[in-house]
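**Q** Sequence and predicted structure below; questions after.
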Amino acid sequence: MQPMSASVLVTGGAGFIGSHLAERLARGGRRVVCLDAFDPYYPEETKRYNLSQALAAGDVSFREADIRDTDALRRVFVEDDVATVVHLAARPGVRPSLEDAATYLDINVNGTLNLLNVSREFGVARFVFASSSSVYGQIDTAAAHEDSTPCRPLSPYGASKVAGEALCSAYANAFGVTTIALRFFTVYGPRQRPDMAICRFTRLMAEGQEIPIYGDGSSLRDYTFVSDTVSGIEAATTVPLEGLHVLNLGQGRPVQLVRVVQLIEENLGVRARLSFQPTQVGDPYLTCADINGAAAVLGYSPAVSIEEGIATYTRWFKERYGVPSRAH
């Protein structure tokens, strides 16, 4: 266990998952430092709201810095006595990465390398890296397994996460940095990024606008509620481990896109107007996690069903944005 005075550094701490993680760790008595650069991928106002929720949870502080800025990182490590790093900061988004691969590789690969170097320099005890189901690309089995399913990403974003995992492997093997790479599967819930499907669909439905459906709506995603993902990350910061571990964090039960739309309809009390579009480049038909590894290593056991998760999300959305329920 880390000393009580030491900190957990959460990069991307003003983001969706990062703010929930910081809040969970602080409520559990941990000292947390959120680091974020307010990348313009989505509005800073949204991230400031996320951060305010985390800062209210307990011993949480904030540092504004870019993970590519070595001097800024060193100051944080010195001033905040960082013992554990949870590296969530990244440029997200599969489709936008197809248009701006250089930025994705710079932030997601060079930023990760920089953070690993500083972590090694300061003797960090544990490095938890946020990877993604995007590393797999199109799977041809019932569920993606960390060891037997090949990584064949369909986008520069996915490729950047493969590269980040490779760097984690190198530092674990060459320098003894205990590293856990967690492959997230379609995380959703309150504070979700505005570009993600469930958030976007909910907003468009509430506004009475058409929802773009890429393909015929039968595509399957392993939707994972944010509290389950956070439970997996939290365990990864404390479970006794050494070396490198790569683990899926999903629900293990893929859900069709049309089912998600139906659940949002039911919870908002509106009828969706669908606009079917061609399937987009970079989108796999199926994502599904084999979570046996995370169960064995982390005691991971996702508890929130898609029905409960969508109900919780739409309730939060209505409260946050003042959206009244409507009849069909």
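**A** Cool, the structure landed.

**Q** Going by C-alpha atoms from here, please, whenever you check contacts or count neighbours.
**A** Will do.

**Q** element containing residue 9?
**A** Per DSSP states H and E, residue 9 falls inside strand 7-11.

**Q** which residues sit against that strand?
**A** Strand 7-11 is contacted by residues 18, 22, 30-36, 67, 80-89 when judged by CA atoms under 8 Å, 6 or more residues apart in numbering.

**Q** ditto for stretch 258-266
**A** With CA under 8 Å, 6+ apart, stretch 258-266 has contacts from 198, 201-202, 205, 217-218, 271-272, 306-307, 310-311, 314.

**Q** In TSV, list these along with secondary structure, neighbour count and pLDDT.
**A** Below are those laid out as TSV (DSSP: H, G, I helix; E, B strand; the rest coil; neighbours: other CA atoms under 10 Å; pLDDT from 0 to 100):
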residue	secondary structure	neighbour count	pLDDT
198	helix	24	97
201	helix	23	97
202	helix	24	97
205	helix	21	95
217	coil	19	92
218	coil	15	94
271	coil	17	94
272	coil	22	95
306	helix	21	98
307	helix	13	98
310	helix	24	98
311	helix	18	98
314	helix	24	97
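
**Q** Could you list the low-pLDDT ranges of the stretch 1-150 of the chain?
**A** Counting by pLDDT under 70, the stretch 1-150 of the chain shows low-confidence ranges at 1-5.

**Q** just the helices in the stretch 51-200 of the chain please.
**A** Residue ranges of the helices in the stretch 51-200 of the chain, as given by DSSP state H, counting those that start in this stretch, are 70-80, 94-97, 101-105, 111-121, 156-175, 197-206.

**Q** what separates the last one from the chain centre, distance-wise?
**A** I take that to be helix 197-206. From the chain centre to the centre of helix 197-206 is a distance of 19 Å (CA atoms, centre = their mean, to the nearest Å).

**Q** again with the second one
**A** For helix 94-97, the distance from its own C-alpha centre to the chain's C-alpha centre is 15 Å (CA atoms, centre = their mean).

**Q** what does the first one give?
**A** Centroid separation for helix 70-80 versus its chain: 24 Å, with CA atoms, centre = their mean.

**Q** Equivalent analysis for stretch 195-209, please.
**A** 20 Å.

**Q** And for stretch 10-29?
**A** On CA atoms, centre = their mean, the centre of stretch 10-29 falls 11 Å from that of its chain.

**Q** Straight-line length of it, end to end?
**A** From its first residue to its last, stretch 10-29 covers 15 Å (CA to CA, to the nearest Å).

**Q** again, but for stretch 277-285
**A** Termini of stretch 277-285 sit 14 Å apart (CA to CA).

**Q** Show me which residues of it are buried.
**A** For stretch 277-285, a neighbour-count test (16 or more other CA atoms under 10 Å) marks 282-285 as buried.

**Q** and if you look at stretch 71-81?
**A** Burial within stretch 71-81, assessed by neighbour count using 16+ other CA under 10 Å, is assigned to 73-74, 76-77, 80-81.

**Q** Now distance to residue 262 too, for these, in TSV please.
**A** Listed next are the buried residues of stretch 71-81 as TSV, based on distance: CA to CA, whole Å:
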residue	distance to residue 262
73	45
74	48
76	46
77	47
80	46
81	48
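
**Q** Nearest to residue 136, out of those residues: which one, please.
**A** residue 73 (30.9 Å; CA to CA).

**Q** Surely that closest one and residue 65 touch.
**A** Yes. Under the criterion of CA atoms under 8 Å, residue 73 makes contact with residue 65 at 7.3 Å.

**Q** Can you check the pLDDT for residue 325?
**A** Note for residue 325: predicted pLDDT of 51.

**Q** and if you look at residue 282?
**A** 84.

**Q** how about the nearest residue to it, chain neighbours excluded?
**A** residue 154 (4.9 Å; CA to CA, 6 or more residues apart in numbering).

**Q** How about the contacts made by residue 112?
**A** Residue 112 touches 67, 87, 164, 167, counting by CA under 8 Å, 6+ apart.

**Q** ok, so of the residues you listed, who is nearest residue 13?
**A** When the contacts of residue 112 are compared against residue 13 (criterion: CA to CA), the nearest one is residue 87, at 9.1 Å.

**Q** neighbours around that closest one, how many?
**A** For residue 87, the number of neighbouring residues by other CA atoms under 10 Å comes to 24.

**Q** follow-up on the earlier one: reformat the buried residues of stretch 277-285 as a markdown table; add distance to residue 111 and secondary structure.
**A** A markdown table is the format used below for those (distance: CA to CA, whole Å; DSSP: H, G, I helix; E, B strand; the rest coil):
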| residue | distance to residue 111 | secondary structure |
| --- | --- | --- |
| 282 | 23 | coil |
| 283 | 25 | coil |
| 284 | 26 | coil |
| 285 | 30 | coil |
